[in-house]
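Visitor: okay, structure incoming, though there's no sequence with it:
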C-alpha cells in the first residue's frame, strides 16, 4: 500500500477554524505540489480530505474527485487516520489531505513505531509504502517533499 500524507497549504489566520481559506502563497504551494503529484500519481489513488475549507482547497488543486472524511478534521487522531486509510492492508494507494498534529504523529508511528510530535510543514507531502521482506512487514519512506521543492 502507498500512503501519502499531505498537510494543507498555508491558510489565513482567524476563526472559525473550519472556514479558514488558503492564502495566495498557500494556493501557489498547493498548485506546485499538485503538479508534482500529477507526474507521480499512483493508479487508482483514493483521496481523503478533512472537511475544512483549507484542506478542500489544497486537494482541489490536484483533483475534484475526493472524499470528505469528518474524522480527518483538525481534532483527528492517528487512530482516525488508520481507520480511514486502512493502512497497511488496503488494496490501493491513498492520499490524505489533513492537519497537524495527526499527520506528524502518523509519520512518527510509521517510521519509528511510536507516536511522537513530529511536524509536517504546511503544504508538504510525505509518501510511505509498505512491503514484506523475509516475512517481516516494513515501512518505506519513498519521498518527503516540502512545498518549495515541488
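Guide: Yep, it's here. Small disclaimer: the values here were computed from a predicted structure and weren't measured. Numbering: from 1, shown residues only.
Visitor: neighbouring contacts of the longest helix along the chain?
Guide: Counting by DSSP state H, the longest helix found in the chain is helix 24-40. Residues from elsewhere that reach helix 24-40 (Cβ atoms under 8 Å, 6 or more residues apart in numbering): 4, 6, 8-11, 22, 54, 57-58, 60-63, 95, 122-125, 145, 147-148, 150. In short, each C-beta sits where N, CA and C put it, glycine included.
Visitor: out of those, which are buried?
Guide: When the contacts of helix 24-40 are checked for burial by 16 or more other Cβ atoms under 10 Å, the buried set is 4, 6, 8-11, 22, 54, 57-58, 60-62, 95, 122-125, 145, 147, 150.
Visitor: so which of these are in strands?
Guide: Under the assignment DSSP state E, the buried ones among the contacts of helix 24-40 contribute 4, 6, 95, 125, 145 to strands.
Visitor: for the third one, give the beta-bridge partners.
Guide: If I follow you right, that is residue 95. residue 4, residue 47 (DSSP bridges).
Visitor: hang on, it packs against residue 4?
Guide: Yes. At 4.2 Å, residue 95 and residue 4 qualify as touching, with contact defined as Cβ atoms under 8 Å.
Visitor: so what sits against both of the two?
Guide: 37, 45.
Visitor: chain center to the longest helix of the chain, what's the gap?
Guide: A distance of 13 Å separates the centroid of the chain from that of helix 24-40, by Cα atoms, centre = their mean, to the nearest Å.
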